[in-house]
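*Asks:* Below are the sequence and a predicted model; questions follow.
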Amino acid sequence: MAGNENSGGMRPTAPQNNPANVSATGGNGQSGQPKPGYTGFAYGQNGALDAQAGAAKMQQAPTPTAAPAPASMASILGGLMPLDAESQDSLPISDGVDTGRGRGSSALPPSVNGDTRITENIDLMKKYLPDLLDAARLPGAPDSYKRLVNYVKARLI
Amino acid sequence: MKWVENNFFDHLDKFGNSLGYDNFGVAVCLSMVPWESPQDRDVFIMTLTGEDVKGGEPSTFNPGSAVM
């Protein structure tokens, strides 16, 4: 006996087998009560059971609540001290910065304001130059070392 | 006395030429490190600069060169 095409079984084209058929709300969008669709009970009882199931109170999924609104910028900055506020020495706390009513970066000491590497290099060159010259005169001193010593000498002249 | 490897002046030759003359102060400080061997020092320089070590090698030493 040939089987009926619509007799059930696994159909690859059935909607439940289509991966694209996914609820956009992830299951949270379902509303209302489920209707079980009772069958097989005595005549007239199927509808009564459906009505009873529909009337039963079911717990709803929690509704996501919106995040609290961020505090305004004014309230965030309200507790901060302005740059022009005076510090204990009657100077604004912005003193040394190129903004506000302070003196600006010109008030900073040279060691903070400038690159001290050149100064340190010169000091080291002065300190070591006599010994560097003596070593440069040793037999077998490489040319690269002599060029370095010549550079040091030229910087100090 | 003659030029020898693995002393302060040899280290200064390698660090000064590898790091550049403008970094003379750094080269002096690194030359004071008691390096285990010239090879250890050269590995450090190559790691630091990503280039070969610059400076004199024993085979290129020229006793006839003069300092200004």
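*Replies:* Perfect, thanks for sending it.
*Asks:* from here on, contacts and neighbour counts on C-alpha atoms
*Replies:* Fine.
*Asks:* Those residues of chain A touching chain B, which are they?
*Replies:* Within chain A, the positions near chain B by Cα under 8 Å from any Cα of the partner chain are A:117-118, A:120-121, A:124, A:132-133, A:135-151.
*Asks:* Wait, a helix at residue A:16?
*Replies:* Yes - Residue A:16: assigned to a helix according to DSSP: H, G, I helix; E, B strand; the rest coil.
*Asks:* what about it, neighbour count?
*Replies:* The tally of other residues near residue A:16 (other Cα atoms under 10 Å in any protein chain shown) stands at 11.
*Asks:* Roughly how far does it sit from chain B?
*Replies:* 61 Å (Cα to the nearest Cα, to the nearest Å).
*Asks:* Could you do residue A:102 as well?
*Replies:* Distance from residue A:102 to chain B, by Cα to the nearest Cα: 35 Å.
*Asks:* cool, residue A:37 as well?
*Replies:* Relative to chain B, and taking Cα to the nearest Cα, residue A:37 is found at 77 Å.
*Asks:* got it, and residue A:157?
*Replies:* The gap separating residue A:157 from chain B is 12 Å, by Cα to the nearest Cα.
*Asks:* Now intersect the residues of chain A next to chain B with the helices, please.
*Replies:* A:117-118, A:120-121, A:124, A:132-133, A:135-136, A:143-151 (DSSP state H).
*Asks:* Report the buried members of those residues.
*Replies:* Taking 16 or more other Cα atoms under 10 Å in any protein chain shown as the criterion, what is buried in these is A:121, A:124, A:132-133, A:135-136, A:143-150.
*Asks:* Remind me what the helix or strand containing residue B:39 packs against, helices and strands.
*Replies:* Element membership for residue B:39, per DSSP states H and E: helix B:38-49. With contacts taken as 3 or more Cα pairs under 8 Å, 6 or more residues apart in numbering or on different chains; DSSP states H and E, helix B:38-49 sits against helix B:8-19.
*Asks:* After the helix it packs on, which helix or strand is next?
*Replies:* Per DSSP H and E, the first helix or strand lying C-terminal to helix B:8-19 is helix B:24-31.
*Asks:* so that following helix versus helix B:38-49, what angle?
*Replies:* Orientation of helix B:24-31 against helix B:38-49 (axes from the mean of the first three to the mean of the last three Cα atoms, to 10 degrees) gives an angle of 140 degrees.
*Asks:* residues near residue B:7, how many?
*Replies:* 16.
*Asks:* and it, how far is that from residue B:41?
*Replies:* Distance, residue B:7 to residue B:41, using Cα to Cα, to the nearest Å: 11 Å.
*Asks:* circling back to that earlier point, report the buried residues of the helix holding residue B:39.
*Replies:* B:41, B:42, B:45.
*Asks:* Reformat those as JSON lines; add pLDDT.
*Replies:* Below are those laid out as JSON lines (pLDDT from 0 to 100):
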{"residue": "B:41", "pLDDT": "96"}
{"residue": "B:42", "pLDDT": "95"}
{"residue": "B:45", "pLDDT": "96"}
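*Asks:* of the residues you listed, closest to residue A:85?
*Replies:* residue B:45 (49.6 Å; Cα to Cα).
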